[in-house]
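In: Here is the input, now give the coordinates:
(one chain, ligands or ions: 1)
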Amino acid sequence: MLASIPVMACPLLWTLVLLKVFAADCQVLVQPRIVGGYAPSPNSVKYIVSLQTSKGQHFCGGSLVHKYWVLTAAHCNMGVDQMMIVAGDYALGLYEGTEQYFKPHSLIPHPLYNKTTNNADIMLIKLRAPIDQNRYVSLAPLPRQNTGVLPGRVCRVSGWGSTSHSGGEIPPTLHTVKLPIVSTAKCNSSESFSGNITSNMICAGYSTGGKDACKGDSGGPLVCDGRVYGLVSWGNGCGDARFPGVYTAVSRFRRWIDQTIYSSFTRCYKH
Ligand code: ARG
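Out: Numbering: from 1, shown residues only. Here you go, the predicted model:
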């Protein structure tokens, strides 16, 4: 219902698509990228990074939390030798001159990460070189340990998502969508995730569906009041009214994040 209006508007834009103008606005409706969202202005989400294979294939998002560190989901762990981190990006397939490329020094998935239950789906990546903070690249503020985010509060999730659909040569720019937090009680009900939401997870989405993160947005930031409260973790389809998106509750891991970043033992954890 919500998505049907822009879908109908799309044919009116096809001539513009031929000119490759506004193409990304239409494309988001037919591709499983951030669902039901829009392309924000370039480099307005300065802390987001794209995690890519060494061949340049985007597979996850992440957030810069320190000049040497990226926060992402543990299920984005592809192995230290297969990964590259790109900061300052907007259109993934294009070189825009704002990008900074990094290799990971080490990957630190949370020790309690469980890939069956998705619990503690959080990972820190230490970069081999520090990022250069500028007009296109900056750090994301984090919530304090165990600070909750109330149901109904509207947050924003961003990502590049999947480009597996036939998108042609259209540059897949960053997309973003605003979503309200859903109470854990509702998200855990038998009509929804039936008890699979742990205290380390938060849910976000509309009861009418249509707007959501999706495959390839994983690890990317869900931002409420300027802080990264959630990391795209899992779901059931994308934009389904019954199933909101599930995010790692970053505030539950603030202490672990600080300890990992500031611990002098960090260099001992090589993966
Ligand atoms: N696990 C997916 C990924 O690896 C993210 C799924 C999020 N799904 C959702 N409906 N919010 O990209």
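
In: Flag the shaky bits of this protein, pLDDT-wise.
Out: By pLDDT under 70, the weakly predicted segments of the chain are 1-32, 162-171, 264-271.

In: I'd like the distance between the residue positioned nearest the centre of it and Tyr47.
Out: The centroid of the chain falls nearest to Gly220 when counting by Cα atoms, centre = their mean (1.6 Å). Separation of Gly220 from Tyr47 (Cβ to Cβ, to the nearest Å): 10 Å. Bear in mind the C-beta positions are built from the backbone N, C-alpha and C, glycine included.

In: Find residues that contact each of these two.
Out: Ser63 (Cβ atoms under 8 Å, 6 or more residues apart in numbering).

In: Which parts of the stretch 51-200 of the chain are strands?
Out: Along the stretch 51-200 of the chain, the segments classed as strands by DSSP state E, counting those that start in this stretch run 58-66, 69-72, 83-87, 100-102, 104-109, 123-127, 154-159, 175-182.

In: So in that sheet, which strands flank the fourth one, and in what orientation?
Out: If you go by DSSP bridges, strand 100-102 pairs up with strand 83-87 (antiparallel).

In: Can you give the contact residues for the strand it pairs with?
Out: 49-54, 56, 62, 64, 70, 99-104, 107, 125, 127, 131, 136-137.

In: dump the residue contacts of the spatially closest residue to the residue nearest to the centre of the chain that is not a sequence neighbour.
Out: Nearest residue to Gly220, sequence neighbours excluded (Cβ to Cβ, 6 or more residues apart in numbering): Gly61, at 2.8 Å. Taking Cβ under 8 Å, 6+ apart, we find Gly61 in contact with 48-51, 72, 158-160, 217-221, 232.

In: Equivalent analysis for Ala213, please.
Out: Ile34, Val35, Val157, Gly159, Gly161, Val177, Gly220, Leu222, Val232, Gly235, Cys238, Gly245.

In: repeat for Val49
Out: Contacts of Val49 by Cβ under 8 Å, 6+ apart are Gly61, Gly62, Ser63, Leu64, Val70, Ile85, Val86, Ala87, Asp89.
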